[in-house]
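*Asks:* next comes the sequence, and after it the predicted model I'd like to discuss.
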Amino acid sequence: MKKINILAFKMYSYDTNSFVDNIINYSNNSIILVFDFEKIIIHYKPLDIKFKKSTINFIKIKNKQLYNILSVLILPINVLIITKLISVIMFKYRPKVCWIENTYAAIVVGVLRKLCLCDKSIYLSGDWVANIKYDSYLRNVVNNSIFPILDYFACKLNDVVLNHVDAIGEARCKFWGRKIAKKESIYKYKLQNKANHMRFNGERNAICFIGNMREDSGLDVVIKSLSEIRKKQDIILKIIGPKKRHYEYFEDLTRKYKVEQYVTFFGFTQEGKFSEILSDCFCGLNVIITTTNNYSAYTIPGKIIHYLQYLLPVIVTKGSGPIVSSIKKNEMGLVIEPLEEEFIKAVVTIYDKQRQFRENIAQYIESLPQLDIKEMIDG
């Protein structure tokens with residue numbers, strides 16, 4: 001029986017490419033699965049290991065009404081898909097170490113770890129969605145009752161828990177009144193300067209939003225402000241993100257405010273195409289319109305890391321999480337209230353001083369210590 005050194009279940013995010021490289025450098029006798037919410041891709045495997053399919057798709061229903069009816073069933077079925085894939089790999093290849101970045105998958109691996117199907121398991125906790133009041137009764141139940149229980153077992157069943165920021169561990173400890181994990185530390189990601197090889201298209205005149213178009217994403221503030229901004233500069237808006245639940249609302253909003261010709265919706269886009277799309281952008285956006293008590297307060301929004309890695313100054317609100325203090329301290333963007341007049345002023349300021357902001361970001365990235373994946377795995 002062939003044994004592998006690492007089984008990694010990686011969430012598709014700002015650090016995916018560098019993480020894959022780091023794992024392969026640590027041991028090329030590894031299997032790396034990348035989860036992008038719609039499918040799981042077998043991103044890397046040893047040449048002598050074969051899979052019937054390189055992509056495992058989740059159940060997806062395009063009809064909104066049918067999706068709402070069947071949504072209660074879809075999640076359990078998708079969790080079973082994850083469970084089957086991970087279980088088969090662990091039974092067959094007995095990895096020495098499992099690195100898991102999904103709560104459901106971490107519980108599965110934790111149980112199999114107790115059955116000695118791997119030597120060590122690491123759960124990377126990406127965020128904390130409890131301790132927040134939601135508008136929907138169902139979301140309140142799921143996020144404030146079910147999620148913390150699942151996270152509890154994921155922490156208890158695995159050997160090491162890594163958090164993206166201290167706030168996650170603190171929130172978990174506050175919720176349960178004590179520490180849960182046996183061993184807990186921070187995942188110290190080293191940002192990459194991905195703008196070095198970009199070909200910029202002359203003068204940059206685009207602002208960019210990356211991520212899910214949620215109700216509280218601040219895109220309504222952005223779209224409503226665009227016509228006023230264009231009176232000052234010839235600025236356009238680019239939106240990169242899946243065309244899901246609120247996409248039509250924001251698309252209609254561009255027509256309502258007569259700015260549709262200045263807004264481009266790219267849909268879900270692999271990071272490999274970011275260099276091209278962002279080549280004329282001078283600013284990235286994360287204008288969260290809810291209070292600081294939202295789930296972003298307990299994590300690092302992936303979109304902000306994408307912006308910074310492409311040397312895009314950011315416009316953020318206080319609800320954008322712990323990274324806001326670094327943005328302010330290192331002058332890598334502007335922190336505003338989610339108001340149209342403040343947003344307009346911030347866009348014009350960054351447009352005029354974009355070169356200085358980019359230099360500040362580059363200096364900040366250079367100052368960060370390197371990520372030691374070996375220390376995290378072996379430590």
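*Replies:* That came through fine. Model, not experiment: these values are computed from the prediction.
*Asks:* restrict stretch 307-327 to CA atoms and write it as PDB.
*Replies:* Output of stretch 307-327 as PDB, limited to C-alpha atoms (Å, rounded to 0.1, in the frame of the first residue of the first chain):
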ATOM      1  CA  TYR A 307      -6.000  43.800  -3.600                       C
ATOM      2  CA  LEU A 308      -2.800  44.200  -1.600                       C
ATOM      3  CA  GLN A 309      -1.000  41.500  -3.500                       C
ATOM      4  CA  TYR A 310      -1.700  43.300  -6.800                       C
ATOM      5  CA  LEU A 311      -0.600  46.600  -5.100                       C
ATOM      6  CA  LEU A 312      -4.100  48.000  -5.200                       C
ATOM      7  CA  PRO A 313      -4.800  50.600  -2.400                       C
ATOM      8  CA  VAL A 314      -8.000  49.700  -0.600                       C
ATOM      9  CA  ILE A 315     -11.100  51.600   0.600                       C
ATOM     10  CA  VAL A 316     -12.400  49.800   3.600                       C
ATOM     11  CA  THR A 317     -14.800  50.300   6.500                       C
ATOM     12  CA  LYS A 318     -14.200  49.400  10.200                       C
ATOM     13  CA  GLY A 319     -16.200  46.200   9.700                       C
ATOM     14  CA  SER A 320     -13.500  44.700   7.500                       C
ATOM     15  CA  GLY A 321     -11.700  43.000  10.300                       C
ATOM     16  CA  PRO A 322      -8.400  43.200  12.200                       C
ATOM     17  CA  ILE A 323      -6.500  44.000   9.000                       C
ATOM     18  CA  VAL A 324      -8.000  47.500   9.100                       C
ATOM     19  CA  SER A 325      -5.500  48.700  11.700                       C
ATOM     20  CA  SER A 326      -2.600  47.600   9.400                       C
ATOM     21  CA  ILE A 327      -4.100  49.400   6.400                       C
END
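*Asks:* next, the buried residues of that stretch.
*Replies:* 307-324, 327 (16 or more other CB atoms under 10 Å). Using the backbone N, CA and C atoms, a C-beta is placed for each residue, glycine as well.
*Asks:* please compute how far that stretch lies from its chain's middle.
*Replies:* 14 Å (CA atoms, centre = their mean, to the nearest Å).
*Asks:* next one: stretch 359-376 to chain centre, how far?
*Replies:* On CA atoms, centre = their mean, the centre of stretch 359-376 falls 18 Å from that of its chain.
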